[in-house]
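Participant: any chance you could fold what I've pasted below:
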Amino acid sequence: MMRSECFDFGGLRVSVDSESQRFLGLVRERYGAFACRRTADWKAVYRLTDERVPTAEFLAQARQQPLGSHREGSRLRLTAPAVEMELDTARRTAELAGPLATFAVDRLIQALWYETRRGLILHAAALSDGERGWVAGGPSGCGKSTLAGLLPEHALCDEYVGVSLDGERPRLGALPFWRSRRGAADLADIYLLRHGQRDRRRRLTAGEAFARLRKEVLWPTFDGQAMRRAFDDLAELLDRVPIWELSFRPRPEVWNVIRREAAA
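Facilitator: Numbers count the residues shown, from 1 in each chain. The predicted model follows:
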């Protein structure tokens with residue numbers, strides 16, 4: 001019997017359907033903090049190809065495998081040795097086939113973000129005061145997880161965050177990678193992090209912002225059309241949102257610097 005679980009990933013509502021109760025158990029464990037009762041925008045049906053639990057080595061390799069793609073009308077087919085996906089943007093459905101693991105759903109979330117909206121996925125933490133939100137990103141070791149750990153009441157996620165440009169104001173949405181919980185907010189500023197001796201922010205020039213922020217984009221390399229849109233969206237993001245360099249000490253007081261008005 002087919003059963004369903006519904007999740008809200010930063011405003012992207014997806015139901016995951018499967019006949020495998022073991023797979024749905026993994027899904028609930030992996031994405032439980034994003035569970036919702038609202039009607040889903042997308043229906044994803046997962047067909048289990050192997051009942052065995054994959055090894056850690058297999059999973060590590062599968063997560064890194066590039067996706068091949070073929071687009072025909074409203075359908076986008078994505079394939080790798082361990083997983084197959086077919087998205088239909090007209091019907092808002094997705095069909096997946098893979099092993100007893102959730103990494104295919106992770107990849108589906110990334111693909112749907114780029115297929116259903118203007119915006120980007122950034123390698124960053126997301127912080128919010130309930131209405132406004134801030135993205136804090138940078139390369140591994142820059143302090144994303146440290147910052148999120150310092151501000152647990154404000155942290156939504158600390159690995160990848162979705163940014164949407166569809167509305168009057170840019171929005172951020174937490175995505176289920178590493179430590180995360182459901183949440184979204186209007187995007188006030190983007191901070192590119194570095195450790196420092198004191199809490200200080202510096203507004204970046206357009207050239208600096210582009211050179212540094214493009215390195216933190218999770219690019220949709222699976223599809224040339226999506227890549228072209230993503231480059232356009234990065235240019236728009238730089239126009240609409242202030243980009244800062246934030247040096248900080250590992251103390252909660254950095255929150256006072258983060259939430260300053262952009263004009264300060």
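
Participant: pass me the low-pLDDT residue ranges in the stretch 1-150 of the chain, would you?
Facilitator: Within the stretch 1-150 of the chain, not a single segment meets pLDDT under 70.

Participant: where exactly do the strands run in it?
Facilitator: Under the criterion DSSP state E, counting those that start in this stretch, the stretch 1-150 of the chain carries strands at the ranges 3-9, 12-18, 42-50, 68-72, 75-80, 83-88, 93-99, 119-128, 132-137.

Participant: most packed of those strands?
Facilitator: Highest mean neighbour count among these (mean count of other Cβ atoms under 10 Å): strand 119-128, with a mean of 26. C-betas here are computed from N, CA, C, even on glycine.

Participant: name the residues that touch stretch 218-226?
Facilitator: For stretch 218-226, contacts defined as Cβ atoms under 8 Å, 6 or more residues apart in numbering pick out 66-69, 71, 76, 78, 110-111, 114-115, 120-123, 160, 227, 230.

Participant: which residue ranges make up each domain of this protein?
Facilitator: Per automatic domain parsing, the domain ranges recorded for the chain read 3-116, 119-258.

Participant: among those, show me which one is buried the most.
Facilitator: domain 119-258 (a mean of 19).

Participant: distance between the ends of it?
Facilitator: This stretch, domain 119-258, spans 22 Å end to end (Cα to Cα, to the nearest Å).

Participant: any idea how far residue 110 is from residue 116?
Facilitator: 11 Å (Cβ to Cβ, to the nearest Å).

Participant: give me the sheet partners of whatever helix or strand residue 201 lives in and which way each runs.
Facilitator: Using DSSP states H and E, residue 201 sits in strand 200-203. Paired with strand 200-203 in the same sheet, following DSSP bridges, are strand 243-248 (antiparallel).

Participant: what kind of secondary structure is residue 214 in?
Facilitator: For residue 214, the secondary structure call by DSSP: H, G, I helix; E, B strand; the rest coil comes out as helix.

Participant: got the contact list for the residue lying closest to it once chain neighbours are set aside?
Facilitator: In space, and not counting its chain neighbours, residue 214 is closest to residue 234: 6.2 Å by Cβ to Cβ, 6 or more residues apart in numbering. Residue 234 makes contact with 120, 210, 213, 214, 217, according to Cβ under 8 Å, 6+ apart.

Participant: now do residue 132
Facilitator: Taking Cβ under 8 Å, 6+ apart, we find residue 132 in contact with 185, 186, 188, 259.

Participant: let me have these in JSON lines, extended by secondary structure and pLDDT.
Facilitator: Converted to JSON lines, those look like this (DSSP: H, G, I helix; E, B strand; the rest coil; pLDDT from 0 to 100):
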{"residue": "185", "secondary structure": "strand", "pLDDT": "97"}
{"residue": "186", "secondary structure": "strand", "pLDDT": "97"}
{"residue": "188", "secondary structure": "strand", "pLDDT": "97"}
{"residue": "259", "secondary structure": "coil", "pLDDT": "93"}
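
Participant: and the furthest pair within the residues you listed?
Facilitator: Longest distance between any two of these is 12.8 Å, between 186 and 259; criterion Cβ to Cβ.

Participant: is it fair to say residue 221 lies in a helix?
Facilitator: No - using three-state DSSP, the assignment for residue 221 is coil, not a helix.

Participant: can you tell me how far it sits from residue 67?
Facilitator: 8 Å.

Participant: residue 107 now?
Facilitator: Residue 107 is 7 Å from residue 67, by Cβ to Cβ.

Participant: now residue 44
Facilitator: Going from residue 44 to residue 67 by Cβ to Cβ gives 16 Å.
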